[in-house]
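Trainee: build the 3D model from these lines:
(4 chains)
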2 protein chains.
Amino acid sequence: MSTSPKPLLQRQTVTAMVAEYIAAKIIGGDYPGGHQIRQEAIAAELGVSRIPVREALLQLEAEGLVVIRTHRGAVVSDLSADDAIDLFDARLLLEPFLVKKAIARMSNQDIANAERALQDYEAAIARGDPKELSRLNWAFHTALLDPSMRPRSMAVLQTLYSSADRYLRLQIEPLKAQTKALQEHRDIFEAYRLRDAVETSRLLKKHVADAAEEIVSQLKRGEAAG
Amino acid sequence: MSTSPKPLLQRQTVTAMVAEYIAAKIIGGDYPGGHQIRQEAIAAELGVSRIPVREALLQLEAEGLVVIRTHRGAVVSDLSADDAIDLFDARLLLEPFLVKKAIARMSNQDIANAERALQDYEAAIARGDPKELSRLNWAFHTALLDPSMRPRSMAVLQTLYSSADRYLRLQIEPLKAQTKALQEHRDIFEAYRLRDAVETSRLLKKHVADAAEEIVSQLKRGEAAG
DNA sequence: GAATGAAATATTGGATACGATAGCCCAATA
DNA sequence: TATTGGGCTATCGTATCCAATATTTCATTC
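Mentor: Alright, predicted model coming up:
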């Protein structure tokens, strides 16, 4: 039982495409924190009018990727160490809770979905594309939580995650960290498969906390240096 | 130390005003769940063009008040009992956590702010305006949590709250419930003032849980009837 | 020389008009 | 009956203006 049964051929509005374009730039690091996004520049770049650009920026603001100030435009939001702590603390509350709910309701199909997500993640490590790795990492997490049937909480988690997404590379880049994360994913999945809610929750919490600690310490180093 | 030092003279864009207008209609019950919002109608009603209406609807979608489907327009989102459980469970995780953080950092000024919010709430009960009461209820909650300096979590809570805001009337309308809520607020504030983090957190959790239970059971009655 | 204040410029916010596109209903057809 | 194929309607998108505001530049004043 899954929350998001996506249609195979999804019709995209221009606004949605622009939003994806800008989000990719931000997450990929092309637009660093503090970067001014000029509506006209994006519009010209993509050959669209300013209106869908504005509407895309509104959506991105809701996701926490940019900050819009009236008549001053959109700026790529910067993540301080404090922000990272804030975001990860919220995840640390929600994810372990949701995974327990998920285990209580999940079907064998859900387990199979999670296993597939885990395998996709494993395969991506071999290829080593960091963007893809980030995406599949989150896909695994959502696969675990999806059977909880908590669309509102999942939406919240989505924004929490995407706000910090860019900075995951700080943590996920080194090969050593990747193999550590993979082993943790495997352990989490194993407890999940056995429907051991307490253990899954504990491992997931530790997994997220470790990632948080790593990112926060990196950000603090950056702030001390810069 | 407060998270949101709002400017006294705030310039409003048309989009923001439209968003407030529609949100008020939804929260006030003028637009019930499932109600189709027609951009052109709103635009004509307010004497503005459709563009700020569309952008306002985008913002409201991010807050969970409406659902937009491409080329089919915006519909006031309906809250199922499951949705309410989802929303309140998330609040139940975040609010007790944040209030502990708040107590750890708060100044005497913050305590004074919370006390003022409490007094405003008390005064509103005498007047008995339900909309105002809902607003001041939430103002009290945010006053408690604001010193935590967790803007991201606070933003999440804001959306969680506003999504369920309309249905608070189910719970807050009867006078008996109001005096109960008031007493709970007083108890929470008293523990807060004494910087008793554990007790404040416990009382706050119970306060939210009680409200949740009341609303969920009312919604379930409604779903069974309808 | 520093602070104030007033143009000038750039950018966003908004209005209007028009066209394109996607759902939806329903009659016509096989 | 099931399907097809119009119309109808409302949203989505563009183009072109104009308005409002933030920032910068520059002159003025003390």
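Trainee: what parts of chain A come near DNA strand D?
Mentor: Residues of chain A lying close to DNA strand D by CB under 7 Å from any atom of the strand are A:13-16, A:48-52, A:55, A:70-72. (Glycine included, C-beta is placed from N, CA and C.)
Trainee: outline the domain layout of chain A.
Mentor: Chain A breaks down by automatic domain parsing into domains covering A:14-76, A:81-225.
Trainee: quick one: terminal-to-terminal distance for the shortest one?
Mentor: In this case it means domain A:14-76. Domain A:14-76 has an end-to-end distance of 21 Å (CA to CA, to the nearest Å).
Trainee: hmm, that domain in reach of chain B?
Mentor: Yes. Domain A:14-76 reaches chain B (CB under 8 Å from any CB of the partner chain) through A:51, A:54-55, A:58-59, A:62, A:64, A:70.
Trainee: what number of residues lie near residue A:221?
Mentor: Residues within reach of residue A:221, counting by other CB atoms under 10 Å in any protein chain shown, total 12.
Trainee: is chain B within reach of whichever strand or helix holds it?
Mentor: Using DSSP states H and E, residue A:221 sits in helix A:197-225. No. Using CB under 8 Å from any CB, we find that helix A:197-225 stays clear of chain B, coming within 12.5 Å at best.
Trainee: buried set for that helix?
Mentor: A:197, A:199-201, A:203-205, A:207-208, A:211-212, A:214-216, A:218-219 (16 or more other CB atoms under 10 Å in any protein chain shown).
Trainee: over to residue A:35: give its phi and psi.
Mentor: phi -70, psi 130 (degrees, to the nearest 10).
Trainee: give me the neighbour count for the nearest residue to it once chain neighbours are set aside.
Mentor: Leaving aside its sequence neighbours, residue A:35 sits nearest to residue A:76 (CB to CB, 6 or more residues apart in numbering or on different chains; 4.4 Å). The number of residues packed around residue A:76, counting by other CB under 10 Å, is 20.
Trainee: tell me, what's the model's pLDDT at the closest residue to residue A:168 other than its chain neighbours?
Mentor: What sits nearest to residue A:168 in space, not counting adjacent residues and going by CB to CB, 6+ apart, is residue A:134, at 5.2 Å. For residue A:134, the pLDDT comes out at 87.
Trainee: residue A:134 contacts residue A:165, doesn't it?
Mentor: Yes. Contact criterion CB atoms under 8 Å: residue A:134 and residue A:165 qualify, at 6.2 Å.
Trainee: mind showing which ranges of chain A have poor pLDDT?
Mentor: A:1-11, A:226 (pLDDT under 70).
Trainee: ok, how many other residues are close to the residue nearest to residue A:168?
Mentor: Residues lying near residue A:134 (other CB under 10 Å) number 19.
Trainee: wait, is it part of a helix?
Mentor: Yes. Counting by DSSP: H, G, I helix; E, B strand; the rest coil, residue A:134 is part of a helix.
Trainee: what's the helix or strand for the residue sitting furthest away from the middle of chain A?
Mentor: What lies farthest from the middle of chain A is residue A:71; by CA atoms, centre = their mean that is 29.6 Å. Assigned by DSSP H and E, residue A:71 belongs to no helix or strand.
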